[in-house]
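>>> let me see the structure of the following:
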Amino acid sequence: MHYKKIENLIDKAVQDNIKISQIIIEEEIEERETSRAAVIEKMNQNLNVMKQSIEEGLKEGHTSASGLTGGEALTMQNSNNFLGDNLYKNVVVKALAVSEVNACMGKIVAGPTAGASGIVPAVLLSLAEKYDIPDERVISALFTAGGLGEIVSKKATLAGAEGGCQAECGVGSAMAAGAAVELMEGTPKQVGDAFALALKNLLGLVCDPVAGLVEVPCVKRNGFAASHALTAVNMALSGISSVIPPDEVIEAMMEVGDLMSVSLKETSEAGLATTETGRKIAEELKDF
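I've put the predicted structure just below:
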């Protein structure tokens, strides 16, 4: 993609009075040297995988091979003790469902990574369900999410091993927030504000998987990051701006990642992974 800054995407969208997704789609057509129909169909396939992973994650008896995770999405869906509206509940449920499918080695869309794969589909599909938004608009929003994520990959990183979980769940939350704003007919600037609000408030999030598996705390962290994205969307659509521009937030994330100890970047050498319970689980699963 030619664009290296979110600011450039926003400026182009405002100048031409178009959505950010339209810019990303044109970029994809040019890079892949293919037709618009082919590009749209490829994203439609991704959308279908997202839907299928949510459905799979809500089935009875869905448990990972390690036994650490599984069934919690269904538990929350069936709960009568949930505080808040159905949108918030569905966002968390869907995020858990996709993450559990990933933990069970099922098919997911890694956006931005497999470990953070529940966030974008949870937010976009929950909004589409609540407001009866057609797939065509969800597909467009997914291009926006992808474009934002690609810029992060160029300016910084999407790897927990390099930047901690702020680069995975943090960026996933930001991608979901920006895409959701466009889905709800927000302005390009509001897309950038939502992205920045989501990411900057997850700076410093470490990657500390128990027993080295993408399960604890990863699955539940997707639920938290998805609901966090919804907060950023509500703020941006209400007219609240991010004081720090999105591109500078990305740069700050990379700086924080560089300063972060290697022990907190997917090595399972600190954090939750080395708690008493975390070590016990690792010992029990050492031959897993």
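>>> helix/strand/coil for K59?
Under DSSP: H, G, I helix; E, B strand; the rest coil, K59 falls in the coil class.
>>> now it. Its backbone dihedrals?
Main-chain dihedrals, K59, degrees, to the nearest 10: phi -80, psi 150.
>>> try C207
Main-chain torsions, C207, degrees, to the nearest 10: phi -110, psi 100.
>>> and stretch 184-193, how far out from the chain's middle?
17 Å (C-alpha atoms, centre = their mean, to the nearest Å).
>>> for that stretch, list every residue counted as buried.
Buried residues in stretch 184-193, counting neighbours by 16 or more other C-beta atoms under 10 Å, are found at 184, 186-188, 190-193. (Each C-beta comes from the backbone N, C-alpha and C, glycine too.)
>>> of those, closest to G61?
In terms of C-beta to C-beta, no member of the buried residues of stretch 184-193 lies closer to G61 than M184, at 35.8 Å.
>>> residues touching the closest one, list them.
Counting by C-beta atoms under 8 Å, 6 or more residues apart in numbering, M184 makes contact with 127, 131, 233, 237.
>>> next, format the buried residues of stretch 184-193 as JSON lines and append distance to S99, pLDDT and secondary structure.
Shown next, in JSON lines, are those (distance: C-beta to C-beta, whole Å; pLDDT from 0 to 100; DSSP: H, G, I helix; E, B strand; the rest coil):
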{"residue": "M184", "distance to S99": "24", "pLDDT": "98", "secondary structure": "coil"}
{"residue": "G186", "distance to S99": "27", "pLDDT": "98", "secondary structure": "coil"}
{"residue": "T187", "distance to S99": "31", "pLDDT": "98", "secondary structure": "coil"}
{"residue": "P188", "distance to S99": "30", "pLDDT": "98", "secondary structure": "helix"}
{"residue": "Q190", "distance to S99": "27", "pLDDT": "99", "secondary structure": "helix"}
{"residue": "V191", "distance to S99": "25", "pLDDT": "99", "secondary structure": "helix"}
{"residue": "G192", "distance to S99": "27", "pLDDT": "98", "secondary structure": "helix"}
{"residue": "D193", "distance to S99": "27", "pLDDT": "99", "secondary structure": "helix"}
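>>> follow-up on the earlier one: how about JSON lines for the contacts of M184, with distance to S35, pLDDT and secondary structure added?
Putting the contacts of M184 into JSON lines (distance: C-beta to C-beta, whole Å; pLDDT from 0 to 100; three-state DSSP) gives the following:
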{"residue": "L127", "distance to S35": "29", "pLDDT": "98", "secondary structure": "helix"}
{"residue": "Y131", "distance to S35": "30", "pLDDT": "98", "secondary structure": "helix"}
{"residue": "V233", "distance to S35": "32", "pLDDT": "98", "secondary structure": "helix"}
{"residue": "L237", "distance to S35": "33", "pLDDT": "98", "secondary structure": "helix"}
